[in-house]
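Visitor: With the sequence up front, the predicted model follows.
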Amino acid sequence: VQLVESGGGSVQPGGSLTLSCVVNGTTTSLNCMGWFRQPTGKDYEGVASLDSFHGATNYADFVKGRFTISRDSAKKTLYLRMNALKPEDTAMYYCAAGSWCGAGLSPSLFAYWGQGTQVTVS
């Protein structure tokens, strides 16, 4: 399984970006897809997850109401629509996939990771 992110860039505060993640390979066991981010010098933060089987979504409190996770199964693509961006959203954003979302946004539940795409808000 290979995950390839795109869509990052630089944007002014209040702006919007949409990140995409194409999933290559066998995806039948990948019931959970998620987005994580890592600000420079800090730990990974869970941003959002999507349970592919039930359609349930989970968001970190700091993005609720601003970010939306979605997927296009036919295109095997995961998206993260980010609105009302803030300087504190600046980070490397990673797409991840696993077999189970769990109760929270825990990186340890995700076996596959992309290389990341940089988002800078300033």
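Guide: Happy to help now that I have it. Numbering: from 1, shown residues only.
Visitor: hey, let's count contacts and neighbours off CA atoms from now on
Guide: Noted.
Visitor: Let me see the contact set for Val47.
Guide: The contact partners of Val47, taken as C-alpha atoms under 8 Å, 6 or more residues apart in numbering, are 34-37, 59-60, 63, 105.
Visitor: which ones are touching the closest residue in space to Cys32 that isn't next to it in sequence?
Guide: The shortest distance from Cys32 to any residue other than its chain neighbours is 4.6 Å, reached at Asp51 (C-alpha to C-alpha, 6 or more residues apart in numbering). The neighbourhood of Asp51, defined by C-alpha under 8 Å, 6+ apart, consists of 31-33, 57, 100-101.
Visitor: how about 10 Å then?
Guide: Contacts for Asp51 (C-alpha atoms under 10 Å, 6 or more residues apart in numbering) come out as 30-34, 57-58, 98-102.
Visitor: Please identify which helix or strand holds the spatially most central residue of the chain.
Guide: Closest to where the C-alpha atoms of the chain average out (C-alpha atoms, centre = their mean) is Trp35, at 1.9 Å. Trp35 is part of strand 32-38, with elements assigned from DSSP states H and E.
Visitor: List the strands paired with that strand, with their directions.
Guide: Under the criterion DSSP bridges, strand 32-38 sits next to strand 45-51 (antiparallel), strand 91-98 (antiparallel) in its sheet.
Visitor: distance between whichever helix or strand comes after the first one and the chain's centre?
Guide: Stepping forward along the backbone from strand 45-51, the first helix or strand reached (DSSP H and E) is strand 57-59. Counting by C-alpha atoms, centre = their mean, to the nearest Å, strand 57-59 is centred 11 Å from the centre of its parent chain.
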